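Student: Sequence first, then the predicted structure, then my questions.
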Amino acid sequence: MMQALKSPRLGGLSALSCVLIILPFTLSNSFQLDVAIQVGIAAIVVVGLNLLVGFAGQISLGHAGFMGMGAYMSAILSGTYGWSPLLALIFAAICVGGLAFLIGGPILRLKGHYLSMATLGLGIIIAIVINTESWLTGGPDGLVVEPLSLFGWALSPFDEYHLLGISLSGTQVWYILIASLLVFAVWLALNIIDSPTGRALRAVHGSEIAAQVVGVNTAHYKVKVFVISAVFASVMGSLSAHYTGFITPNIAGFHHSIELITMVVLGGMASTYGVILGAVILVLLPQVLADLQEFEMLAFGLILMVTMIFMPKGLLPTLLNLLNKPKQKTTSEEAA
Amino acid sequence: MSTPIIQVEGLSKVFGGVHAIENLSFSIQQGHIHSVIGPNGAGKTTLFNLITGIYTPTHGDIKLKGESIVGLDPSQLAPRGMCRTFQNLQICMNMTALENVMIGQHLQFKSSLLATLFRLPCVVQADQQAREKAAELMDFVGCAKYLNTEASAMPYGALKRLEIARALAAKPDILLLDEPAAGLNGAETAELDTLIQKVAQSGVTVVLVEHDMKLVMNISDYLLVLDYGKKLAEGTPEEIRHNPDVIAAYLGG
């Protein structure tokens, strides 16, 4: 019985680490590595977003707004005002967390479509501010961002670095940074999920009233997870800005929000590894479909529709279910 | 007699023009199995929802251990020692059976967000204890074989008992069960009968809304009969059985 009570966590994390370590050796050029980094950035954002959407069951259609806010605050503070990028990143994360806390209180009282509309509105407001306040943000023309630096040591994708006698390109260093952060983010997410806080969050999704009668302050937990996921988005927005070196208001746009939520739903709500798969597919698919040119969006939409019709639980949970089916049958027979 | 654990005074609840509960007063003694019965639509579930903070009364007062609880929401009542189950199951279908019970222990956890994020040893240890305690409770209610089953894969009867385990995990002094036997077969009802008595013997006051008269008459110490939101009668099972008003309400007089 004690064996059955243990929760498996190390297996998935080590599998993910292995994939991330082997991956760069299979990629032949820096363009592919760049795509891998983009996937990693998106994956970390959706691992955070999944805590809110997949586990706590609260929809947010405005998370690109938080990501954009983090990106622009980092860009402006480190560029215009000469802050250290790390300090700017942390300050941006605190501000975004604070905003999420202030706004989360009132809007998370809403449910379903109303919550979607409210978060959608929040995201759009942030995008509009970024678009129109061009004296600060550069407006639709975008903004050049300083490379990430720490103690005067700048990390640019275009430079060469020597670490422990190995010569690495800037892109490779960025890959190592993002890959380590992804493993760290997954570890944090798994820790939250498998804790009293995580169970309270899932109970908010499963039955809010049941959670309340055993003493869970559901409003408090909704705001908490909203803030956590917003901070995830902000930090990745900052890093993404430093990595690409140039940002436009699109990062905070409605389309980006939809893309993030699609990663969660497609990969598998409430499945931490599933949403990473979702990020992989949604970032790679446009690259793969690029040959189809004007039919790209058509094929993209079709793939999403077909997946959702035949795998409503998302890719990874459905695939795992298929693999486990023979096993499940025997256990249910035992139980009966 | 000591102070009652629940004291209801002049309680009314109006929905639009309908008086779901009208000027109701009664009290529940500590350690009793106290049943609330009445025909369909008599206001039993409304009464439960009022006591447990899901509805706010239009008039009147509800005291828990001598302290008024009107206006508090359900999550504030759990720390005061009250917990309940639901007529239409409220199980978290996105979790395993064991995790559903562990939700009940929510108030016994005191770990900071940082400790949770980094899964410090204190969190691991508390979690492990919680798991063992939850497994014990599942055994107590007779769901032991579903330990790691997803709640969505469990049969209805077991889910009913799982709700009781979750409520007990909150260590309540008073437990309100809303139609625990609804939808159960004879054998399952008999098991439930034993379970409720075991719960009461452990010192928890049980308040029961139930249609199954055999179950109610068997295990209750005291009964409250409602009809159209008003108190029709009150007393021991023996008194209620012979009360002409109750017989009339049930058989249509």
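Tutor: Looks like it came in fine.

Student: pLDDT below threshold where in the stretch 101-250 of chain A?
Tutor: Residue ranges of the stretch 101-250 of chain A with pLDDT under 70: A:152.

Student: Now for the residue of chain A found nearest chain B, how many residues are close by?
Tutor: Using Cβ to the nearest Cβ, the single residue of chain A nearest to chain B is residue A:206, 2.5 Å away. Heads up, the C-betas are built off the backbone N, CA and C, glycines and all. Taking other Cβ atoms under 10 Å in any protein chain shown as the criterion, the count of residues near residue A:206 is 23.

Student: Now do the contacts for it.
Tutor: Neighbour list for residue A:206: A:57, B:91-95, B:100, B:151 [criterion: Cβ atoms under 8 Å, 6 or more residues apart in numbering or on different chains].

Student: Is whichever strand or helix holds residue A:220 in proximity to chain B?
Tutor: Using DSSP states H and E, residue A:220 falls within helix A:218-244. Yes: counting by Cβ under 8 Å from any Cβ of the partner chain, contacts between helix A:218-244 and chain B involve A:218, A:224.

Student: and the contacts of residue A:206, which are buried?
Tutor: A:57, B:91-92, B:94-95, B:100, B:151 (16 or more other Cβ atoms under 10 Å in any protein chain shown).

Student: What strand or helix carries the most centrally placed residue in chain B?
Tutor: Note on chain B: the residue nearest the mean C-alpha position is residue B:176, at 1.9 Å, using Cα atoms, centre = their mean. Assessed by DSSP H and E, residue B:176 sits inside strand B:174-178.

Student: Give me the contact list for the helix or strand just after that strand.
Tutor: On the C-terminal side of strand B:174-178, the closest following helix or strand by DSSP H and E is helix B:186-201. Residues outside helix B:186-201 that contact it (Cβ under 8 Å, 6+ apart) are B:31-33, B:140-142, B:157, B:160-161, B:164, B:168, B:175, B:177, B:180-181, B:184, B:206, B:208, B:212, B:214-215, B:218-219.

Student: Just the ones of those in helices?
Tutor: Among the contacts of helix B:186-201, the members found in helices (DSSP state H) are B:140-141, B:157, B:160-161, B:164, B:168, B:214-215, B:218-219.

Student: And those, which is closest to chain A?
Tutor: For the ones in helices among the contacts of helix B:186-201, the residue nearest chain A by Cβ to the nearest Cβ is residue B:168; the value is 10.2 Å.

Student: how about the nearest residue to the closest one, chain neighbours excluded?
Tutor: residue B:137 (5.6 Å; Cβ to Cβ, 6 or more residues apart in numbering or on different chains).

Student: so the one you found makes contact with residue B:170?
Tutor: No: Residue B:137 lies out of contact with residue B:170 (Cβ atoms under 8 Å); the separation is 10.4 Å.

Student: Which residues are in contact with each of those two?
Tutor: residue B:104.

Student: Which elements pack onto the strand holding residue B:176?
Tutor: Secondary-structure packing of strand B:174-178 (3 or more Cβ pairs under 8 Å, 6 or more residues apart in numbering or on different chains; DSSP states H and E): helix B:44-51, strand B:82-84, helix B:156-169, strand B:205-209.

Student: ranking the ones you listed by burial, who's on top?
Tutor: Highest mean neighbour count among these (mean count of other Cβ atoms under 10 Å in any protein chain shown): strand B:82-84, with a mean of 28.

Student: Paired strands for it, with orientation please.
Tutor: strand B:174-178 (parallel) (DSSP bridges).

Student: and the angle for the strand it pairs with with helix B:186-201?
Tutor: With axes from the mean of the first three to the mean of the last three Cα atoms, to 10 degrees defining the directions, strand B:174-178 sits at 160 degrees from helix B:186-201.

Student: With just CA atoms, put strand B:174-178 into CSV.
Tutor: C-alpha atoms of strand B:174-178 as CSV (Å, rounded to 0.1, in the frame of the first residue of the first chain):
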residue,chain,number,x,y,z
ILE,B,174,-20.8,18.5,13.4
LEU,B,175,-21.3,16.7,10.1
LEU,B,176,-24.3,17.3,7.9
LEU,B,177,-25.2,14.6,5.5
ASP,B,178,-27.7,15.5,2.7
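
Student: For it, buried residues please.
Tutor: Quick answer for strand B:174-178 (16+ other Cβ under 10 Å): B:174-178.

Student: pLDDT weak spots in chain B?
Tutor: Using pLDDT under 70, chain B drops low at B:1, B:252-253.

Student: Quickly list the domain ranges of it.
Tutor: Residue ranges for the domains of chain B, per the TED database: B:1-80+B:208-252, B:82-171.

Student: What residue in chain B comes nearest to chain A?
Tutor: Nearest residue of chain B to chain A, counting by Cβ to the nearest Cβ: residue B:92, 2.5 Å away.

Student: Run through the strands of chain A in chain order.
Tutor: Secondary structure of chain A (DSSP state E): strands at A:143-144, A:148-150, A:153-155, A:160-163, A:166-169, A:246-247.

Student: The ones you listed into JSON lines, with extra columns for mean neighbour count and distance to residue B:87?
Tutor: What follows is these, written out as JSON lines (neighbours: other Cβ atoms under 10 Å in any protein chain shown; distance: least, Cβ to Cβ, whole Å):
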{"stretch": "strand A:143-144", "mean neighbour count": "16", "distance to residue B:87": "58"}
{"stretch": "strand A:148-150", "mean neighbour count": "17", "distance to residue B:87": "57"}
{"stretch": "strand A:153-155", "mean neighbour count": "13", "distance to residue B:87": "60"}
{"stretch": "strand A:160-163", "mean neighbour count": "11", "distance to residue B:87": "64"}
{"stretch": "strand A:166-169", "mean neighbour count": "12", "distance to residue B:87": "64"}
{"stretch": "strand A:246-247", "mean neighbour count": "18", "distance to residue B:87": "54"}
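
Student: Same list, the ones you listed, but as JSON lines with distance to residue B:7 please.
Tutor: Below are the strands of chain A laid out as JSON lines (distance: least, Cβ to Cβ, whole Å):
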{"stretch": "strand A:143-144", "distance to residue B:7": "66"}
{"stretch": "strand A:148-150", "distance to residue B:7": "65"}
{"stretch": "strand A:153-155", "distance to residue B:7": "68"}
{"stretch": "strand A:160-163", "distance to residue B:7": "73"}
{"stretch": "strand A:166-169", "distance to residue B:7": "74"}
{"stretch": "strand A:246-247", "distance to residue B:7": "63"}
